[in-house]
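A.B. asks: sequence plus the predicted model coming up.
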Amino acid sequence: MDCWIVTGGAGFIGSNFVRMALERTDARIVVLDKLTYAGNLLSLADVTDHPRFHFVEADIADRATVEQIFRDHHPIAVLNFAAETHVDRSIDGPAAFIQTNVVGTFELLEISRRYLERLDPAARRRFRFLHVSTDEVYGSLGARGAFTEATPYQPNSPYSASKAGADHIVRAYFATYGLPAIITNCSNNYGPYQFPEKLIPLMILNALAGKPLPIYGDGGHVRDWLYVEDHCTGILLALQRGRLGEKYNIGARCERTNLELVNLLCEHLENLRPAAANPAIAAAGVENYAALRTFVDDRPGHDRRYAIDAVKIQGELGWRPEHDLDAGLAATVRWYLDQGDWCDAVTSGSYRRERLGLSQTATRP
């Protein structure tokens, strides 16, 4: 039975992928996760007893531990979801992003390269290293156009710079050592199990609690939204059928300004849990969820617009998103309404849905 190592598999996208891989493939899935604030075994609670699931708590930058995991499980594929991901946190403390996203990816590549050398020729031909990245490595778009796989990198935050660095190292290991690697770059994901510091779950939970809905700047920043299950389908296709050494952009062309997105979330909340029946809204002294919208100072280096051109993965691998934004948001709001215990548990540490990314040393030109 083939074994896939999924790093960061207890996080948002990783846990959704693990669930999909267990449902759609016969692979044995070994999840390797450091269990930082954004990684939680509760996100895998429904699969922990699955006979093809195994979990190891480990840091991808810990070479000795990860080498032992390779020796124990003999993977035929490594999918690297492990990352520090929140831009605001990278502004407050970039060191962790460099350590995990750059150093950690390097360690995985080195371990994979040395492991590959020990495999027989047939196993070596089947081995894959798939690195999951972001559209933020490309920087900011103007009013028109979309990121293609040939778009030059121009990261503008410590987070995106760390992911760009990791992408380049992965590509170099393919070019230099022949490591059979594939890179995917996705647009903004949303859906179940996303940690509540990110925009969509933060807005949902704050609205339900009658708290302000902070919107950066003028609310005109544009993002291309991708339902997490559609993203995971694209990753699975890239792993199974993607060309080695290639990168694939994954995006649904669901562009909305942040203000438009928050308005849509307020509408879905009104439909599913009317503000008139929510005591928190009355206690806040407002009549509806939209009245909680609050414009706050923009964060430093905030990219204005992202949009993904997914023609390559559509043409080569036959990928198509199955969720439009309205249906995906409705499903996401319902999930967070039904999963109060999960939300309470994952935010029981130091994070309390406060504003991040306002470094005291940050300046604007």
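C.D. replies: On my side now, so go ahead. Since the model is a prediction, treat every value here as computed from it, not as a measurement. Numbers count the residues shown, from 1 in each chain.

A.B. asks: contacts and neighbour counts: CA atoms only from here.
C.D. replies: Noted.

A.B. asks: and the one helix or strand residue 239 maps to, what does it pack onto?
C.D. replies: Following DSSP states H and E, one finds residue 239 within helix 228-241. If you count contacts as 3 or more C-alpha pairs under 8 Å, 6 or more residues apart in numbering; DSSP states H and E, helix 228-241 packs onto helix 12-24, strand 128-134, strand 181-186, strand 188-190, strand 247-250, helix 311-317.

A.B. asks: nearest to residue 326, of these?
C.D. replies: Smallest distance to residue 326 across the helices and strands packed on helix 228-241 (C-alpha to C-alpha): 12.0 Å, for strand 188-190.

A.B. asks: pull the contacting residues for residue 19.
C.D. replies: Contacts for residue 19 (C-alpha atoms under 8 Å, 6 or more residues apart in numbering) come out as 44, 47.

A.B. asks: so which residues of the protein form helices?
C.D. replies: 12-24, 63-73, 87-92, 95-97, 105-118, 121-126, 158-177, 199-208, 228-241, 258-272, 279-283, 311-317, 325-338, 340-346 (DSSP state H).

A.B. asks: can you put these in TSV and add mean pLDDT?
C.D. replies: Shown next, in TSV, are these (pLDDT from 0 to 100):
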stretch	mean pLDDT
helix 12-24	98
helix 63-73	98
helix 87-92	90
helix 95-97	95
helix 105-118	98
helix 121-126	96
helix 158-177	98
helix 199-208	96
helix 228-241	98
helix 258-272	98
helix 279-283	97
helix 311-317	98
helix 325-338	97
helix 340-346	89
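
A.B. asks: for residue 44, which of those helices is the nearest?
C.D. replies: When the helices of the chain are compared by C-alpha to C-alpha, helix 12-24 sits nearest residue 44, at 6.2 Å.

A.B. asks: can you give me the end-to-end span of stretch 186-203?
C.D. replies: With C-alpha to C-alpha, to the nearest Å applied, stretch 186-203 spans 22 Å between its terminal residues.

A.B. asks: flag every buried residue along it.
C.D. replies: Using 16 or more other C-alpha atoms under 10 Å as the test for burial, stretch 186-203 gives 186-203.

A.B. asks: what do you get for stretch 283-301?
C.D. replies: Those would be 288, 289, 290, 291, 292, 293, 299, 300, 301, for stretch 283-301 by 16+ other C-alpha under 10 Å.

A.B. asks: so the third one makes contact with residue 268?
C.D. replies: By that I understand residue 290. No - at 11.1 Å, residue 290 does not count as touching residue 268 under the criterion of C-alpha atoms under 8 Å.

A.B. asks: can you report how many residues lie near residue 155?
C.D. replies: Per other C-alpha atoms under 10 Å, the neighbour tally for residue 155 reads 21.

A.B. asks: dump the residue contacts of it.
C.D. replies: 136, 137, 138, 139, 161, 164.

A.B. asks: quick one: it from residue 164, how far?
C.D. replies: Residue 155 is 7 Å from residue 164, by C-alpha to C-alpha.

A.B. asks: could you do residue 11 as well?
C.D. replies: Applying C-alpha to C-alpha to residue 11 and residue 164 gives a distance of 20 Å.

A.B. asks: around the nearest residue in space to residue 141 that is not next to it in sequence, count how many other residues there are.
C.D. replies: For residue 141, ignoring the flanking residues on the chain, the nearest one in space by C-alpha to C-alpha, 6 or more residues apart in numbering is residue 305 at 5.1 Å. Close neighbours of residue 305, defined as other C-alpha under 10 Å, add up to 21.

A.B. asks: again, but for residue 149
C.D. replies: 19.

A.B. asks: quick one: contacts for it?
C.D. replies: Applying C-alpha under 8 Å, 6+ apart, the residues contacting residue 149 are 247, 248, 249.

A.B. asks: are any of the residues you listed buried, and which?
C.D. replies: Buried, going by 16+ other C-alpha under 10 Å: 247, 248, 249, out of the contacts of residue 149.

A.B. asks: any chance of those residues in JSON lines, plus distance to residue 108?
C.D. replies: Output for the buried ones among the contacts of residue 149, formatted as JSON lines (distance: C-alpha to C-alpha, whole Å):
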{"residue": "247", "distance to residue 108": "18"}
{"residue": "248", "distance to residue 108": "20"}
{"residue": "249", "distance to residue 108": "22"}
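
A.B. asks: sorry, back to before: bridged to the residue nearest to residue 141, which residues?
C.D. replies: In this entry, residue 305 is beta-bridged to residue 222, by DSSP bridges.

A.B. asks: I'd like the numbering to begin with 301 instead of 1 from here.
C.D. replies: Yep, numbering from 301; the last one is residue 605 now.
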